[in-house]
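J.: Okay, structure incoming, though there's no sequence with it:
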């Protein structure tokens, strides 16, 4: 069953990558770098390319839900890093962008760091761990704080929000979504025969709120930055949030963790974070946007 879950997660990564690319192109063509508001979202539903991307993302989501229900979070989540590589290549070919060396190194750091972190975490995760209702409630309360923070910033300081903020917010929110989907899926598969009666309605509500707000953040990130940067942030931040909750709240780690392994996890996490920051600064599309912005400022000053 674990290998079937791995295959499902790999297939889901492909659907995620191509769905991301299709939606990104549609959003940037429609919004032109502006924020996506309510009317903008309605207009996107009339765009065939965006709708097709939504279908691909839906299929990928379904495959990931199956994977999360069939294998531990730490096994499934890092596989999404495959989507980063696919999206980068597809985006570069579509827009005829030549990837520079810093971009390639940043991508390698993102993927290597996130996968290294998760692989080390798998080695020290306790087997047969069950999630209690109290731990689930703590997770939901923490999610409420996260939603209040990111939602409040967007609501009260919309002009100060950039692509990086949207990407971080989406990664954190989808990290919570993955954790809650895992808990809901395990509850449904509980052998006590109660099925839906095992599922907490507030966990479902948490998935809906975090998923909708995270999706809104992703759409705005598409309009302000390259899609591979969006996927880079999600493939690094998303699994780290999930594993962080597993370690800090669910207590999934083996009590006899070696210091070297713990330091290795911290180091791998830092490498992945540095990769995201480098990608946000040195991606050719980002550099092109900065150059275009400077040209517009010079023209404006000249007039």
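T.: Now that the structure is in, tell me what you want to look at. Computed from a predicted model, the values in this text were never measured in an experiment.

J.: quick one: residue 257 and residue 187, what's the gap?
T.: Distance check for residue 257 against residue 187: by C-beta to C-beta, to the nearest Å, it reads 28 Å. For every residue, glycine as well, the C-beta is placed using N, CA and C.

J.: higher neighbour count, the two?
T.: Between residue 257 and residue 187, counted using other C-beta atoms under 10 Å, residue 187 has the larger neighbour count: 21 against 16.

J.: Packing partners of the helix or strand harbouring that one?
T.: Residue 187 belongs to helix 163-188 when elements are defined using DSSP states H and E. Identification of packing neighbours for helix 163-188 by 3 or more C-beta pairs under 8 Å, 6 or more residues apart in numbering; DSSP states H and E yields helix 48-70, helix 73-76, helix 133-156, helix 201-224, helix 227-248, helix 259-282.

J.: repeat that for 7 Å
T.: With contacts taken as 3 or more C-beta pairs under 7 Å, 6 or more residues apart in numbering; DSSP states H and E, helix 163-188 sits against helix 48-70, helix 73-76, helix 133-156, helix 201-224, helix 227-248.

J.: Which pLDDT value belongs to residue 193?
T.: With respect to pLDDT, residue 193 has a value of 67.

J.: Residue 46 falls within a strand, correct?
T.: No: Residue 46 is assigned coil when assessed by DSSP: H, G, I helix; E, B strand; the rest coil, not a strand.

J.: heads up, I number from 887, so please use that
T.: With the count now opening at 887, the last piece we talked about shows up as residue 932.

J.: Now it. Its backbone dihedrals?
T.: Backbone torsions of residue 932, given as degrees, to the nearest 10, read phi -100, psi 0.

J.: what about it, how many neighbours?
T.: Neighbours of residue 932 (other C-beta under 10 Å): 9.

J.: With residue 1111 instead?
T.: 26.

J.: Residue 981 versus the residue nearest to it when sequence neighbours are not counted, what's the distance?
T.: Distances taken as C-beta to C-beta, 6 or more residues apart in numbering put residue 1049 closest to residue 1111, at 3.5 Å, once the chain neighbours are dropped. For residue 1049, the distance to residue 981 (C-beta to C-beta) stands at 16 Å.

J.: before we move on, what about residue 1092?
T.: Taken as C-beta to C-beta, the span from residue 1092 to residue 981 is 37 Å.

J.: thinking again about what came up before, which of residue 1049 and residue 981 has more residues huddled nearby?
T.: A count of neighbours by other C-beta under 10 Å puts residue 1049 above the other of residue 1049 and residue 981, at 22 against 14.

J.: Report the contact partners of the residue nearest the centre of the chain.
T.: Centroid-nearest residue in the chain, with C-alpha atoms, centre = their mean: residue 1120, separated by 2.5 Å. Contacts for residue 1120 were tallied using C-beta atoms under 7 Å, 6 or more residues apart in numbering; they are 1056-1057, 1060.

J.: swap in residue 1151?
T.: Contacts of residue 1151 (C-beta under 7 Å, 6+ apart): 1003, 1006-1007.

J.: Can you classify residue 1017 as helix, strand or coil?
T.: Of the three states, residue 1017 takes coil according to three-state DSSP.

J.: neighbours around the closest residue to residue 1081 other than its chain neighbours, how many?
T.: In this structure, residue 1081 finds its nearest non-sequential neighbour in residue 1074, 6.0 Å apart by C-beta to C-beta, 6+ apart. Residues within reach of residue 1074, counting by other C-beta under 10 Å, total 14.

J.: Distance check, residue 1074 against residue 1082.
T.: From residue 1074 over to residue 1082 the distance is 7 Å, taken as C-beta to C-beta.
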